[in-house]
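Engineer: I would like to see how this sequence folds:
(chains A, B, C and D)
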There are 2 protein chains.
Amino acid sequence: MTSEQLSKTLSTNPVVIRRIMAGLRDMGIVQSERGHGGGWTISRDLSSVSLRDVYTALGEPMVFALGNRQEMPDCLVEQAVNAALNDAFRQAEALLIQRLGEVTLADLAADFHERWKQNKTKKANPHAA
Amino acid sequence: MTSEQLSKTLSTNPVVIRRIMAGLRDMGIVQSERGHGGGWTISRDLSSVSLRDVYTALGEPMVFALGNRQEMPDCLVEQAVNAALNDAFRQAEALLIQRLGEVTLADLAADFHERWKQNKTKKANPHAA
DNA sequence: CTTTCTCGTAACATATAAAGTTGCATGAAA
DNA sequence: TTTCATGCAACTTTATATGTTACGAGAAAG
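Structural biologist: Here you go, the predicted model:
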């Protein structure tokens, strides 16, 4: 698919797509081809790519919207709060990232196709039990 | 302390302080008094207030900066991702909030005083072993 | 009873970061 | 050589959090 097509599917802009895909490309998850007939293709087996790989490719953005503004703040209150919560934050993050590692794109694709079938059935017989 | 004093300590504005403290006041954690000699006082024993109480008083802001934009999106891909990760997000959030419930303001105050003492010693003998 | 000090709150302004856009160079196929 | 695509830098827009101003109301001091 081209960035143009992807951007329409996701209701955004081709350049935004390229910015995001650049990270995936650098990790060898997708490939891009220029020129006529070009666009994006997946370059690995879906079962070999986990959401953790995607997370890494996207630059490991902040997981939490809370806490830990600074690792070693001057403020002693901040230090005390950090000391009390750092372990919990680390554990929570580890839990999430571990789970990201367990989910492959193949898993998501399979679930998607399941939902797709369900969706078609529902649309055909909207009042079925 | 007055909002004015607090705002200077935290390098911000009195109105910002009042906005935040309003939540704590509505939960009965702090009290405010108007007029001459007024300001903010803590209305409960520090050991009876947990960070979870504070979190609740502040309106339970989003814990994660990631995932779950919509609980039940139309997009089937989004649905598949949510299905794969919702449990992990819930567990991670539960872990954090449980920890918030275990930390009281008294704990933080005790740790703060410890750090305060250490800090004074260090300043007096900056080259001590 | 007037002045001073404080919070309460609404309205407005600013700053920051995310998202979107434009423009143009580069590469590839028709 | 025209068309179509990505790559990338620069710029603009938007959304949100933060900060500010203004003023009303309550409470103590003089």
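Engineer: rest of the way, CA atoms for contacts and neighbours
Structural biologist: OK.
Engineer: got the residues of chain A near DNA strand D?
Structural biologist: Contact residues, chain A versus DNA strand D (CA under 7 Å from any atom of the strand): A:1-4, A:14-15, A:18, A:21-22, A:32-40.
Engineer: Only the buried members of those: can you turn that into a PyMOL selection?
Structural biologist: Listed next is the PyMOL selection for buried residues among the residues of chain A next to DNA strand D, using 16 or more other CA atoms under 10 Å in any protein chain shown:
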select buried, chain A and resi 2+3+14+18+21+22+32+39+40
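Engineer: filter the residues of chain A next to DNA strand D by proximity to DNA strand C?
Structural biologist: Applying CA under 7 Å from any atom of the strand to the residues of chain A next to DNA strand D, those adjacent to DNA strand C are A:14-15, A:33-37.
Engineer: Reformat those as TSV; add distance to A:Val103, secondary structure and pLDDT.
Structural biologist: TSV is the format used below for those (distance: CA to CA, whole Å; DSSP: H, G, I helix; E, B strand; the rest coil; pLDDT from 0 to 100):
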residue	distance to A:Val103	secondary structure	pLDDT
A:Pro14	27	helix	96
A:Val15	28	helix	97
A:Glu33	28	strand	96
A:Arg34	31	coil	96
A:Gly35	34	coil	95
A:His36	34	coil	95
A:Gly37	32	coil	94
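Engineer: can you tell me which of those lies nearest to A:Lys123?
Structural biologist: Closest approach between these and A:Lys123, by CA to CA: A:Pro14, at 31.6 Å.
Engineer: how much space is there between that closest one and B:Gly35?
Structural biologist: Plainly put, A:Pro14 is 58 Å away from B:Gly35 if you go by CA to CA, to the nearest Å.
Engineer: before we move on, what about A:Ala57?
Structural biologist: Distance, A:Ala57 to B:Gly35, by CA to CA: 56 Å.
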